[in-house]
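Enquirer: no sequence for this one, just the structure:
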């Protein structure tokens with residue numbers, strides 16, 4: 001973990017309320033897909049945790065949805081502005097158990113961390129299938145970027161306005177030997193029940209500190225409580241205990 005000063009080079013609206021921010025600076029702490037950064041925003045007490053979409057050289061790509069005061073403030077930022085970021089947080093996805101034909105399942109703003117994962121899996125010679133779920137056509141993003149990596153991509157929308165009508169669990173392929181997913185908790189629960197293999201889940205939680213000090217994002221697992229920001233955000237299927 002390192003607190004670094006990053007410079008915005010792009011901040012673009014790419015779908016309904018969804019923005020792509022590219023920052024330049026020291027991103028050496030980001031070593032695994034599924035990690036996140038915690039951004040310090042002027043005028044806000046708590047930092048904003050944002051998952052890493054891509055890292056390339058000294059460029060970091062984040063995709064976020066403007067849903068609250070903090071992210072709405074981010075949406076107004078212009079190139080040249082600098083932001084302090086705690087970089088390289090979280091454990092990220094483990095690629096060593098991927099198998100030869102991994103399945104990636106993303107819902108909404110759970111899609112971005114799967115992009116860097118898809119890049120790494122393709123670099124390792126894996127055959128990647130991705131199912132990307134959104135509420136409606138206007139919210140779809142990055143489907144073509146996944147296809148450009150060579151992934152077999154299926155898009156689902158809850159209202160049926162594009163692709164398969166329904167959720168990611170309504171478009172599971174017949175063949176896959178491992179899965180990775182990220183999205184809202186109802187989606188993760190549905191994936192847990194619907195999948196036939198082992199896999200990894202990246203959880204979205206409200207975080208105070210982002211590095212395990214405040215214990216505010218703890219969740220119960222088969223081996224006791226774990227902190228999503230420090231011990232996660234990625235947990236393996238076999239260790240998850242769902243609490244209603």
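Expert: The structure has been received and is ready for your questions. Keep in mind that what you see is a predicted model, and the values were worked out from it rather than measured.

Enquirer: This structure: helices as residue ranges?
Expert: Using DSSP state H, the helices of the chain run over 69-75, 112-123, 143-148, 185-194.

Enquirer: Among the ones you listed, pick out the one with the most neighbours on average.
Expert: Among the helices of the chain, the stretch with the highest mean neighbour count (mean count of other CB atoms under 10 Å) is helix 112-123, at a mean of 23. C-beta here means a position set from N, CA and C on the backbone, and glycine is covered the same way.

Enquirer: and it, what's its mean pLDDT?
Expert: Here helix 112-123 scores 97 as its mean pLDDT.

Enquirer: and it, what other elements does it pack with?
Expert: Helix 112-123 sits against strand 48-56, strand 102-107, helix 143-148, strand 178-182, with contacts defined as 3 or more CB pairs under 8 Å, 6 or more residues apart in numbering; DSSP states H and E.

Enquirer: In contact with the spatially most central residue of the chain: list those residues for me.
Expert: By CA atoms, centre = their mean, the chain has its centre lying nearest to residue 113, at 3.2 Å. Applying CB atoms under 8 Å, 6 or more residues apart in numbering, we find residue 113 in contact with 33-34, 36, 51-53, 93, 182, 202.

Enquirer: For PyMOL, write a command that selects the buried ones of those.
Expert: In PyMOL, this line selects whichever of the contacts of residue 113 come out buried by 16 or more other CB atoms under 10 Å:
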select buried, resi 33+34+36+51+52+53+93+182+202
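
Enquirer: and the longest strand seen in the chain, which strands flank it?
Expert: Longest strand in the chain, counting residues (DSSP state E): strand 2-15. When pairing is defined by DSSP bridges, strand 2-15 lines up against strand 18-24 (antiparallel), strand 82-89 (antiparallel).
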